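Undergrad: Give me a model of this one.
(chains A and B)
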Protein chains: 2
Amino acid sequence: MNAKPPTSLDVARLAGVSQATVSYVLNDRPGARVSDETRERVREAAERLGYVPHAGARTLRTGRSGLILISMDDVPYGPLAIGMLEELDRELSRRGYTLVQYGARRLRGVPAARAWAELRPVAVLAGAGKLDEQAVAVLRSAGVKAVVALGAHSSAVTASVVVDHAGIGALAAGHLIDRGCRTIAAVVPAEPGLREMGEHRLSGARRVAEARGVPLTRADLPFSEEGAAALLDVWRRVDGVFAYNDDYAMLLMTVLRDAGVAVPGDVRMVGCDDLPLATLLRPRLTTVRIDVSAMPSLLARRLEELMEQEAPAEPDHIHPWNPVLVVRESS
Amino acid sequence: MNAKPPTSLDVARLAGVSQATVSYVLNDRPGARVSDETRERVREAAERLGYVPHAGARTLRTGRSGLILISMDDVPYGPLAIGMLEELDRELSRRGYTLVQYGARRLRGVPAARAWAELRPVAVLAGAGKLDEQAVAVLRSAGVKAVVALGAHSSAVTASVVVDHAGIGALAAGHLIDRGCRTIAAVVPAEPGLREMGEHRLSGARRVAEARGVPLTRADLPFSEEGAAALLDVWRRVDGVFAYNDDYAMLLMTVLRDAGVAVPGDVRMVGCDDLPLATLLRPRLTTVRIDVSAMPSLLARRLEELMEQEAPAEPDHIHPWNPVLVVRESS
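TA: Below you'll find the predicted structure:
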């Protein structure tokens, strides 16, 4: 094993060709006339030496890296998000791009943009809260063709993927009211990473409840039995709860059962995510499933369009997610 | 916004200094004598132009990128893994490195190594199954200083982080036998992504059961109520179950309750992961918690050692995980 990585010059010497020929062959450059036999000889020499073309060198030469960077801390947890990311990765590799998730999570704004730009990605996806106008400008100056914000609202400064949390809350509240609930509560998680999404879901539930004249209580809830038990007054006062997600619904159903409050007899309950546990709970949990099956291919296609445009597009957004109610026994 | 990214020459012109001075200032090179006033002027010019030093160019010059690459599909899902990855990211950024997760999941062996090497990372972490001797050689030739395999066994070709799944099974089986179980079953998930880990956990359980003269049944289980109900014969025949993890334990507890089999009266049950749901189940679930709190800093330190060594180290491994039994009501 060499201390110094082999260069294209080493490959050229071993193959008995010019360095330009090595570059033509290994980078599949158009317009080069090189015989099959020479191509074979160059590839063998590269193989023998363990020569790897350098993405950095290639980027400097062609201005394109094929790297698509996604800011790691803007990807939410959970099987849904992971599955979506995997599918996006597949869609992008099929198109010749490589998805990398970028760490260094505390960065935002211009410092984040500078750090990302060092990799010379062709596209950057990041949380809308990280992408102000200056950050987008830094990325553009560094040759990033597509900058896409991820968030609950569309970005004013760049293209966005909008995930409609309000729509989930609206669907859940509408269902509870359809089932006859006359006063409902909506859970907002106390956890910092979830609170904002909870508030968006709450706003959707509130809109529907107000339109239909049903009072709605906001319940700020830490994920603990003590926390849920401390709000027993609230759960006893309402006849319907939108529990934010299935995990919180499980927490509430456990605490309500221990307190002798019947679901759905006393309180109807709706979760979100349609996790496997939703069907394992007794009663089985009514929940909102988020159909994101269209997202990866829509997003990959939109990225490709943005990367092919000469000038940055006006901020627009795609909205590739579709909440669906799955009715079971708890409501 | 420029179509062409600004170069260090543009910065030099605007600041009225040489290109070398720009490079000294913006890359914090040692040994350069540049006045504070000039430094300030260069930084202002770079700021004004939106100039970003190019990691590719810097890598070509210094041979070091600061990038640490982890193969994305070798990071298991779940809150435990995500939390660990976040902490590793923090540990590495504190040391001046950037963790990127690399997509393109179907690659393995030399093609994977070639793709990773294009980014010129200083270190690569990947599943042991992807890293054969040739792949490690390609990475070494490309200047990767540290290659670390992740898996249930130590790698024969490079340094490894070994995650001891067998130890989890051993701990769970030992506890069930301590509680008086005389015939036990161990769940192996039928899902392809989990089966291998399940088999490692099974092997640990089997070792302990054999040593203590207790018969052990392997139960291959898809994650569905129908699948679990189809094995009711098995669950009725044993008096202890190691359920692979907490999700499978919840599945089994639901199916057993529906079938009138009492936990722990008829069957004692142990999960793994200590998820929040473990305390929400009734009876509360005994589980194996995996203490990985030491892993991020151990791994970051080991990576740093490996990167500083002149020659690649002999394959060795660190083993930074510690299964702990959390006894509750189900056993």
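
Undergrad: for chain B, what are the nearby residues on the stretch 151-300 of chain A?
TA: By C-beta under 8 Å from any C-beta of the partner chain, the residues of the stretch 151-300 of chain A that approach chain B are A:223, A:225, A:247, A:250-251, A:254, A:257, A:276-277, A:279-282. For the C-beta atoms, the positions are set from N, CA and C on the backbone; glycine is no exception.

Undergrad: which residues in the stretch 151-300 of chain A form strands?
TA: A:159-162, A:184-189, A:216-221, A:240-242, A:268-272, A:286-291 (DSSP state E, counting those that start in this stretch).

Undergrad: got those strands as JSON lines, with mean pLDDT and mean neighbour count columns?
TA: JSON lines is the format used below for the strands of the stretch 151-300 of chain A (pLDDT from 0 to 100; neighbours: other C-beta atoms under 10 Å in any protein chain shown):
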{"stretch": "strand A:159-162", "mean pLDDT": "86", "mean neighbour count": "22"}
{"stretch": "strand A:184-189", "mean pLDDT": "98", "mean neighbour count": "25"}
{"stretch": "strand A:216-221", "mean pLDDT": "98", "mean neighbour count": "19"}
{"stretch": "strand A:240-242", "mean pLDDT": "98", "mean neighbour count": "30"}
{"stretch": "strand A:268-272", "mean pLDDT": "98", "mean neighbour count": "29"}
{"stretch": "strand A:286-291", "mean pLDDT": "92", "mean neighbour count": "21"}
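
Undergrad: Select, out of those strands, the one closest to residue B:295.
TA: For residue B:295, the closest of those is strand A:184-189, at 27.2 Å, according to C-beta to C-beta.

Undergrad: In its sheet, which strands sit next to the closest one, and in what direction?
TA: As defined by DSSP bridges, the strand partners of strand A:184-189 come to strand A:216-221 (parallel), strand A:240-242 (parallel).

Undergrad: right, and residue A:191 touches residue A:224 too?
TA: No - shown here, residue A:191 and residue A:224 do not form a contact pair, counting by C-beta atoms under 8 Å, at 10.5 Å.

Undergrad: Those two - which one has more neighbours?
TA: residue A:224 (14 against 11; other C-beta atoms under 10 Å in any protein chain shown).

Undergrad: What sits closest to the more buried one if chain neighbours are left out?
TA: Excluding the flanking residues, the one nearest residue A:224 by C-beta to C-beta, 6 or more residues apart in numbering or on different chains is residue A:251, at 7.9 Å.

Undergrad: Could you do residue A:41 as well?
TA: With C-beta to C-beta, 6+ apart, the residue lying closest to residue A:41 is residue A:15, at 4.7 Å.

Undergrad: centre of the chain versus stretch A:280-291, how much separation?
TA: 23 Å (C-alpha atoms, centre = their mean, to the nearest Å).

Undergrad: what about that stretch, start to end distance?
TA: 21 Å (C-alpha to C-alpha, to the nearest Å).

Undergrad: same deal with stretch A:115-128?
TA: End-to-end distance (C-alpha to C-alpha), stretch A:115-128: 17 Å.

Undergrad: and that stretch, what's its mean pLDDT?
TA: For stretch A:115-128, the mean per-residue pLDDT is 88.

Undergrad: buried residues in that stretch?
TA: For stretch A:115-128, the neighbour count (16 or more other C-beta atoms under 10 Å in any protein chain shown) marks A:115-128 as buried.

Undergrad: Tabulate those residues (JSON lines), appending secondary structure and distance to chain B.
TA: Shown next, in JSON lines, are these (DSSP: H, G, I helix; E, B strand; the rest coil; distance: C-beta to the nearest C-beta, whole Å):
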{"residue": "A:115", "secondary structure": "helix", "distance to chain B": "7"}
{"residue": "A:116", "secondary structure": "helix", "distance to chain B": "9"}
{"residue": "A:117", "secondary structure": "helix", "distance to chain B": "4"}
{"residue": "A:118", "secondary structure": "coil", "distance to chain B": "4"}
{"residue": "A:119", "secondary structure": "coil", "distance to chain B": "6"}
{"residue": "A:120", "secondary structure": "coil", "distance to chain B": "6"}
{"residue": "A:121", "secondary structure": "coil", "distance to chain B": "10"}
{"residue": "A:122", "secondary structure": "coil", "distance to chain B": "13"}
{"residue": "A:123", "secondary structure": "strand", "distance to chain B": "13"}
{"residue": "A:124", "secondary structure": "strand", "distance to chain B": "12"}
{"residue": "A:125", "secondary structure": "strand", "distance to chain B": "12"}
{"residue": "A:126", "secondary structure": "strand", "distance to chain B": "14"}
{"residue": "A:127", "secondary structure": "strand", "distance to chain B": "15"}
{"residue": "A:128", "secondary structure": "helix", "distance to chain B": "20"}
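
Undergrad: between the helix ranked longest in chain A and strand A:216-221, how many degrees?
TA: Using DSSP state H to define each element, chain A has its longest helix at helix A:192-211. For helix A:192-211 against strand A:216-221, the angle by axes from the mean of the first three to the mean of the last three C-alpha atoms, to 10 degrees is 170 degrees.

Undergrad: Now the element after the helix or strand bottoming out on mean pLDDT in chain A, going C-ward?
TA: Ranked by mean pLDDT, DSSP states H and E, the weakest helix or strand in chain A is helix A:55-62, scoring a mean of 54. The first helix or strand that comes after helix A:55-62 along the chain, using DSSP states H and E, is strand A:67-71.

Undergrad: rewinding a little: state the pair within the buried residues of stretch A:115-128 that is farthest apart.
TA: Between all members of those, the farthest pair (by C-beta to C-beta) comes out as A:120 and A:128, at 22.9 Å.

Undergrad: my guess is the residue nearest to residue A:41 contacts residue A:24, does it?
TA: No - using C-beta under 8 Å, residue A:15 makes no contact with residue A:24, being 11.9 Å away.

Undergrad: Where does pLDDT dip in chain A?
TA: Low-confidence segments of chain A, defined by pLDDT under 70: A:1-4, A:27-32, A:53-65, A:72-80, A:104-105, A:313.

Undergrad: Let's see that with 50 instead.
TA: A:1-2, A:60, A:63 (pLDDT under 50).

Undergrad: Centre of chain A to the edge, which residue is at the far end?
TA: Distance from the C-alpha centroid of chain A, by C-alpha atoms, centre = their mean, peaks at residue A:16 (48.8 Å).
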